[in-house]
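# What shape does this take:
(2 chains)
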Amino acid sequence: MFHILEKRIAAAVSSRIASLYNLTTPVQTEQPKQAGFGEVAVPAAFQLARELKKAPKAIAAELADLTIPGVSKIEIAGNGYLNIRLDRGYYAHHLLTGDTGAEPRTAEKIIVEHTNINPNKAAHIGHLRNAILGDTFVRMLRSTGQRVEVQNYIDNTGVQVADVVVGFRHLENKSPGQVQQLIDSEKFDYYCWDLYARVGTYYQENPDALKWRAETLHSIEANAGAEAEIAHLVADAIVHAHLATMLRLNIEYDVLPRESEILHLKFWAIAFEQLKERKAIYFETEGKNKGCWVMPSSAFREGSDNEEDSKVIVRSNGTVTYVGKDIAYQLWKFGLLGKDFYYRPWHRYPDGHQVWASTDQPQNNDMHFGAGSRVYNVIDSRQSYLQDVVVAGLRALGYNDQAGRSVHFSYEMVALSPATCVEMGIELSEEDKRKSYVEMSGRKGLGVKADDLIDKLIEKALDEVTSRNADQPAQERNRIATKIAVAALRYFTLKYTRNTVIAFDFGEALSFTGETGPYVQYAAVRAHKILAKLGERGEALPDFRSALSREAMERHLADEGCWQLLLEASKADSAIERSVESGEPTHVARYAFQLAQSFSTFYQKYPVLSETDPERKTFLLWMTDYFRAQLERTLAVLGIEVPEYM
RNA sequence: GCGCCCGUAGCUCAGUUGGAUAGAGCGUCUGGCUACGAACCAGAAGGUCGGCAGUUCGAAUCUGUCCGGGCGCACCA
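Residues are numbered from 1 along each chain as shown, chains lettered A, B, ... in the order given. You can find the predicted model right below:
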């Protein structure tokens, strides 16, 4: 509702400027510094002052002569601000009737790719940041009416999987059958976590062993032999583990495109022909990249023509690099490859949603994915160089529009705080001790596993729930503790902007008070409790539409405190819109916290059930219900559920 | 060496794209449960927005420069 009025005000001022001065200037709106200044401020007069060679104040006076539906007053303030006061009765009435003037969106398909964890070991907290950011962004887009397809790319043929296969074959002498037994009997992703680290150490101590990796990669590529078989078993089992971990956080996917099919279905071969044909890459005949197909650095780095900086796309042995495959994959995402995968059902979630995986075998279905008009790749910022190369590839092929609609949705890494390292018994080098945080490393087995963190959070939440609700059944307390744990984790991950390095600290992540997910849930639970108590006392929830006239609302909203709280509660759409535009999910998270704070203030200041004036009680009940709805909606966008109690 | 990112309260971070008196949480201190549940609320203390120079009506925000920190710059992904 609020952002509709903001837009209406901006449009009105804009057309006023056009008619007065014959100028087309974009009009900004902002929030006044003080509540007493009104609800919306327009600084347009300052921008016009220079062009018109007039005092801002005089311009503001001319602009102010406007009537806008929903606006009660326009004042000139300061040196030339237009301060705008909303018509409170109008505003509340429209909130009540749900007639907020929101317009539906056109349904172009947006592709969001996130998670993309190498299927060779358990997920860690860095992967969680990726998945939570991606999933929340998806929820934001969907809540504004966009059509979104969620992809989770599976690199099942790469070095990381090969190294775990090396571990099984050469360090543990296991057959495919024995690996299958492990999958059935162990927490397999944890097992691989340790094994992968062991292989890393082994390589360091025995560099000759690297030949095992090369052999294994060949076997996987030829899709033959025990190595290839184990690689399939490992990758599939780990993907299932990752999906199970993510589901704990309410994260689901639509499709899993796999690298094996990019190769088998010759996606790369098609892209390779295009790249050669358009001369986006060339065959290097001398220097360090002799015998490779390379992309010149001038394509992806401004002002660079140093051949040493060129990026190898096809190795001298004829195999394609990750970037090459990624260019082919990106082409497919935009529907520019003229080809699609086949799809087989991979897994059906408890809510009935089906996730599909790519396959190279024709299937008896008509599933199609990809061919989006806009693509967000949620990938950490350390890969921005490679993402630049991929986009340069699109551009070099002449797909400038698509290159412009390829967004590297980047975020900084999650590292470990020194305190967390000590807590986990990790020995730090002298160099690391001097740092304010320590980077995680899968190869060294250094990191906090996602499932471990979630378990810890649930355990702590369960303690809290039990201390207040010991009489409730254990299974139910457990379910509620899980919701609280998810809220804590998702909020903790989202409270930072994307380009802030998170130095993960158990103390902060496990906190349930202050600016946290559980704080917001608590507000929603309290709102719900008031409404539930009403029923317990034998009173019915009034029909607000018939019981509250516009005039009555206007009267009750003359109370400045009450009005400010309602105003804050009505700004969910603004927050979501701002998050989508800026690509910063944190704005919605922070709004949710503010909203919860506002409700806590309301809760403290305005006793609802003990109110003796019937009309005022009805009004306060409506406020409560509106807060409850807005809290639930905003939390849903963050992927957080509201428990019945906590 | 080159490229990108960061430096804001004791700590961890926001700051709506250049606007009015720079904000939260944690921590510290003071107060509030016989109440619609205290996972809460009210209040206090705490700032040369890394330094300097510029751009203009106006700068935490833009430009330059210096200082300090991080991450990239593979025929790994």
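# OK, now which residue of the stretch 1-150 of chain A is nearest to RNA strand B?
Nearest residue of the stretch 1-150 of chain A to RNA strand B: A:F46, at 2.6 Å (Cβ to the nearest atom of the strand). From N, CA and C alone the C-beta is placed, and that goes for glycine too.
# ignore the last one, the stretch 451-600 of chain A
A:G514 (2.4 Å).
# residues near that residue, how many?
Counted with other Cβ atoms under 10 Å, residues neighbouring A:G514 total 9.
# ok so it is a helix residue?
No. Assessed with DSSP: H, G, I helix; E, B strand; the rest coil, A:G514 is coil; it does not lie in a helix.
# hang on, the earlier thing: for the closest residue to the residue of the stretch 1-150 of chain A closest to RNA strand B other than its chain neighbours, which residues are in contact?
Spatially, and ignoring its direct neighbours in sequence, A:F46 is nearest to A:P56 (5.1 Å; Cβ to Cβ, 6 or more residues apart in numbering). Residues near A:P56 by Cβ atoms under 8 Å, 6 or more residues apart in numbering: A:45-46, A:48-49, A:79-80.
# What subset of those is buried?
Neighbour-count burial within those applies to A:45-46, A:48-49, A:80; the criterion is 16 or more other Cβ atoms under 10 Å.
# Which two of these have the greatest separation?
Greatest spatial distance among the buried ones among the contacts of A:P56 (Cβ to Cβ): A:L48 and A:G80, at 9.0 Å.
# all strands for the stretch 501-646 of chain A, in order.
Under the criterion DSSP state E, counting those that start in this stretch, strands of the stretch 501-646 of chain A are mapped to A:502-504.
# Close to RNA strand B: what parts of it are there?
Residues of the stretch 501-646 of chain A lying close to RNA strand B (Cβ under 7 Å from any atom of the strand) are A:501-503, A:508, A:511-515, A:518-519, A:522, A:525-526, A:529-530, A:533, A:578, A:581-582, A:584, A:586-587, A:590, A:593, A:597, A:600-601, A:603-604, A:606-610, A:645-646.
# Quick one: name the residues of the stretch 101-250 of chain A near RNA strand B.
Within the stretch 101-250 of chain A, the positions near RNA strand B by Cβ under 7 Å from any atom of the strand are A:118, A:155, A:158-160.
# re earlier: mutual contacts of A:L48 and A:G80, please.
The contact sets of A:L48 and A:G80 overlap at A:56, A:59 (Cβ under 8 Å, 6+ apart).
# Just checking: the least confident one among the buried ones among the contacts of A:P56 is which?
Within the set of those, pLDDT is lowest for A:A49 (80).
# and that one, what does it touch?
Applying Cβ under 8 Å, 6+ apart, the residues contacting A:A49 are A:55-56, A:59, A:80.
# Output those as JSON lines; include the columns secondary structure and distance to RNA strand B.
Formatted as JSON lines, the contacts of A:A49 follow (DSSP: H, G, I helix; E, B strand; the rest coil; distance: Cβ to the nearest atom of the strand, whole Å):
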{"residue": "A:A55", "secondary structure": "coil", "distance to RNA strand B": "10"}
{"residue": "A:P56", "secondary structure": "helix", "distance to RNA strand B": "7"}
{"residue": "A:I59", "secondary structure": "helix", "distance to RNA strand B": "11"}
{"residue": "A:G80", "secondary structure": "coil", "distance to RNA strand B": "8"}
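# biggest separation within the contacts of A:P56, which pair?
Within the contacts of A:P56, two members stand farthest from each other by Cβ to Cβ: A:L48 and A:N79, at 12.8 Å.
# and the residue of the stretch 1-150 of chain A closest to RNA strand B, what element?
Element membership of A:F46, judged by DSSP states H and E, is helix A:44-52.
# lowest-pLDDT helix or strand in chain A?
Lowest mean confidence among the helices and strands of chain A (mean pLDDT, DSSP states H and E): helix A:430-434, at a mean of 75.
# That one and RNA strand B in contact?
No. Helix A:430-434 stays clear of RNA strand B (Cβ under 7 Å from any atom of the strand), getting no nearer than 7.6 Å.
# right, and the helix or strand after that helix?
Using DSSP H and E, the helix or strand that follows helix A:430-434 in sequence is strand A:438-439.
# list the helices and strands that following strand packs on?
Here strand A:438-439 is seen to pack against strand A:414-416 when contacts are counted using 3 or more Cβ pairs under 8 Å, 6 or more residues apart in numbering; DSSP states H and E.
# What strands flank the strand it packs on, and is each parallel or antiparallel?
strand A:438-439 (antiparallel), strand A:502-504 (parallel) (DSSP bridges).
# Which one of the residues of the stretch 101-250 of chain A next to RNA strand B is nearest to A:Q354?
So of those, ranked by how close each gets to A:Q354 (Cβ to Cβ), first place is A:D155, at 22.6 Å.
# re the thing from before, return the most buried member of the strands paired with strand A:414-416.
Stretch with highest mean neighbour count among these: strand A:502-504 (a mean of 23; mean count of other Cβ atoms under 10 Å).
# what pLDDT, on average, does it get?
94.
# Helix, strand or coil: sort out the spatially most central residue of chain A for me.
For chain A, the residue nearest the mean C-alpha position is A:L133 (2.3 Å; Cα atoms, centre = their mean). Three-state call for A:L133 (three-state DSSP): helix.
# ok, it - contacts?
A:L133 neighbours (Cβ under 8 Å, 6+ apart): A:114, A:378, A:409, A:411, A:493-494, A:498, A:585.
# please redo it, this time with the cut-off set to 10 Å
A:L133 makes contact with A:112, A:114, A:378, A:380, A:409-411, A:493-494, A:496, A:498, A:583-586, according to Cβ atoms under 10 Å, 6 or more residues apart in numbering.
# Then A:G318?
By Cβ under 10 Å, 6+ apart, the neighbours of A:G318 are A:291-293.
# export these to a markdown table and tack on distance to RNA strand B and neighbour count?
Putting the contacts of A:G318 into a markdown table (distance: Cβ to the nearest atom of the strand, whole Å; neighbours: other Cβ atoms under 10 Å) gives the following:
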| residue | distance to RNA strand B | neighbour count |
| --- | --- | --- |
| A:G291 | 5 | 14 |
| A:C292 | 5 | 22 |
| A:W293 | 10 | 22 |
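# Out of these, which one has the lowest pLDDT?
Across those, no position has a lower pLDDT than A:G291, which has 87.
# That concludes my questions; thank you for your assistance.
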